[in-house]
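Chemist: The following comprises the amino acid sequence and a computationally predicted model.
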Amino acid sequence: MIWAIIIGMSIVTIVPRIIPVFLVDKASYPSWINRWLDAIPYAALGALIFPGIMTVIPDQPVIGLIGGVMAIVIAFFEVNVIFAVIGAIVTVYLLTM
Amino acid sequence: MQANSAENTTKLSSELSAAIKSGLAKGFPICLGYIPIAIAYGVLAAQSMTLFQLTAMSVLVFAGASQFMGAKMIGAGNGLVEIVVATFVLNFRHFVMSLSFMNKARPVPFSWKVPLSLGLTDETFAVSSLHGEEAKKPYGKVFFATLMLLAYSAWVGGSFVGGLLGELIPEQLSQSMNIALYAMFIGLLVPSVKKEWRVGLIAIISMIINYALITLNMAEGWAIVLSTIIGGSLGIFLLKGDDDK
């Protein structure tokens, strides 16, 4: 049964990823659709960050937010992304001590 | 003639190694975020699955949030249909992301796009898209493949290790690592916003829509899909075309 679940999960995660390969290969889109698709990464980033970031420490949403602010501050200096990641981890670590 | 072709070969091989190096460098923050989460997944999944099964799930599914949910639902005794439908809902956002990525990756050969599409996750999509200019380079396909394979190895390897000996990782450290991927998303977004403030507006509106939908008790999967599509539609009015960017 578990194997059937794993294979079922595999199929429903593969299909949405792979269909666009065929959709985009054929068609050429008008420029407004291209602008829409170009904006998708930024909209997705927004939705992936918030409100999820408040669940980092589930019962203390503010800790995730402070970690996020630290990441914003570090990222503002346009250093490698890894510094924002490490800075946020250290911030959360210190706040939960 | 001969010298010329040798020169071309050297130039291409240096571009190839540059693509691999760049893929490893850009993929490294994803690894750092994936390993602790994969270990946590392995620990959780080991309660309801064998080590072989939980690692196979990482190999075949490669979707963090879905796998956590799947492992929990298997543990709670849910049936096949319920789990598969819930996975589909949670992962449907990758359809929208893949559409956006494939549009950007038009110069990449078709035979590469199929395997690349299977490597798309929230994280590999975000990093690949924000380095979309790579698609136009001769070895852009190698850049994307390297970063995805690196992320994939970290995910599969981390799951295995978690299933094997996960409970040895101190709780406070693994809890702190929960912020890693959020920080990476922020680290990707902020420099883009500095270059073009409209991009920040799109992200913030998408956040607000997502927050509103989740507050209204919409399933997380649909909320992310809808806020991504609606937020992205602002790009029609806010963004300039690719040519004059």
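Modeler: It's in. All figures in this text were calculated on a predicted structure; none of them were measured in a lab.
Chemist: Pick out the residue of chain A closest to chain B.
Modeler: Residue nearest to chain B within chain A: A:Ala39 (2.3 Å; C-beta to the nearest C-beta). Every residue, glycine included, has its C-beta placed from N, CA and C.
Chemist: and that residue, how far is that from B:Val193?
Modeler: 13 Å (C-beta to C-beta, to the nearest Å).
Chemist: which neighbours do the two share?
Modeler: B:Val199 (C-beta atoms under 8 Å, 6 or more residues apart in numbering or on different chains).
Chemist: Between these two, tell me which one has more neighbours.
Modeler: When A:Ala39 and B:Val193 are compared for neighbours, A:Ala39 comes out ahead with 26 against 20, by other C-beta atoms under 10 Å in any protein chain shown.
Chemist: got a list of what residue 26 touches?
Modeler: Defaulting to chain A. Taking C-beta under 8 Å, 6+ apart, we find A:Lys26 in contact with no residue.
Chemist: ah, I was thinking of chain B
Modeler: So B:Lys26 contacts B:127, B:131, B:143, B:147 (C-beta under 8 Å, 6+ apart).
Chemist: Quick check, pLDDT for it.
Modeler: B:Lys26 is assigned a pLDDT of 93 by the prediction.
Chemist: Helix or strand for it, just tell me which one.
Modeler: Here B:Lys26 sits within helix B:2-45, counting by DSSP states H and E.
Chemist: Now the element after that helix, going C-ward?
Modeler: Counting by DSSP H and E, what follows helix B:2-45 is helix B:51-61.
Chemist: hmm, who's touching that next one?
Modeler: Contacts for helix B:51-61 (C-beta under 8 Å, 6+ apart): A:2-3, A:6-7, A:9-10, A:13, B:38, B:41-42, B:45-46, B:49, B:67, B:70-71, B:87, B:155-156, B:159-160, B:163-164.
Chemist: Restrict stretch B:162-180 to CA atoms and write it as PDB.
Modeler: Written as PDB, here are the backbone C-alpha positions of stretch B:162-180 (Å, rounded to 0.1, in the frame of the first residue of the first chain):
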ATOM      1  CA  GLY B 162      17.600  11.400   8.600                       C
ATOM      2  CA  GLY B 163      15.900   8.000   8.300                       C
ATOM      3  CA  LEU B 164      19.000   6.300   9.500                       C
ATOM      4  CA  LEU B 165      20.200   8.400  12.400                       C
ATOM      5  CA  GLY B 166      18.200  11.600  12.500                       C
ATOM      6  CA  GLU B 167      17.300  11.800  16.100                       C
ATOM      7  CA  LEU B 168      20.900  12.600  16.900                       C
ATOM      8  CA  ILE B 169      20.500  16.200  15.600                       C
ATOM      9  CA  PRO B 170      19.900  18.700  18.400                       C
ATOM     10  CA  GLU B 171      16.400  20.000  18.400                       C
ATOM     11  CA  GLN B 172      17.300  23.700  18.800                       C
ATOM     12  CA  LEU B 173      19.700  23.600  15.800                       C
ATOM     13  CA  SER B 174      17.300  21.800  13.500                       C
ATOM     14  CA  GLN B 175      14.500  24.200  14.600                       C
ATOM     15  CA  SER B 176      16.700  27.300  13.800                       C
ATOM     16  CA  MET B 177      17.400  25.800  10.400                       C
ATOM     17  CA  ASN B 178      13.700  26.100   9.500                       C
ATOM     18  CA  ILE B 179      14.300  29.700   8.500                       C
ATOM     19  CA  ALA B 180      17.000  28.700   6.000                       C
END
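Chemist: what is the rounded mean pLDDT of that stretch?
Modeler: 80.
Chemist: can that stretch be found next to chain A?
Modeler: Yes. Using C-beta under 8 Å from any C-beta of the partner chain, we find that stretch B:162-180 touches chain A at B:172-173, B:175-180.
Chemist: same thing with stretch B:140-159?
Modeler: No. Shown here: stretch B:140-159 not in contact with chain A (C-beta under 8 Å from any C-beta), separated by at least 11.3 Å.
Chemist: what's the average pLDDT for that stretch?
Modeler: Here the average pLDDT along stretch B:140-159 is 96.
Chemist: Please identify the helix or strand for the spatially most central residue of chain A.
Modeler: The centroid of chain A falls nearest to A:Leu48 when counting by C-alpha atoms, centre = their mean (4.3 Å). Assessed by DSSP H and E, A:Leu48 sits inside helix A:31-49.
Chemist: Tell me the helices and strands packed up against the helix or strand following that helix.
Modeler: As assigned by DSSP H and E, the chain's next helix or strand after helix A:31-49 is helix A:61-76. Counting contacts by 3 or more C-beta pairs under 8 Å, 6 or more residues apart in numbering or on different chains; DSSP states H and E, helix A:61-76 packs against helix A:81-95, helix B:180-195.
Chemist: on that earlier part again, how big is the angle separating the helix holding B:Lys26 from helix A:81-95?
Modeler: Angle of helix B:2-45 versus helix A:81-95, following axes from the mean of the first three to the mean of the last three C-alpha atoms, to 10 degrees, is 20 degrees.
Chemist: Please determine how far B:Leu99 is located from chain A.
Modeler: As judged by C-beta to the nearest C-beta, to the nearest Å, B:Leu99 and chain A stand 4 Å apart.
Chemist: just checking, that residue touches A:Phe22?
Modeler: No. Here B:Leu99 does not reach A:Phe22: they are 10.9 Å apart, not a contact under C-beta atoms under 8 Å.
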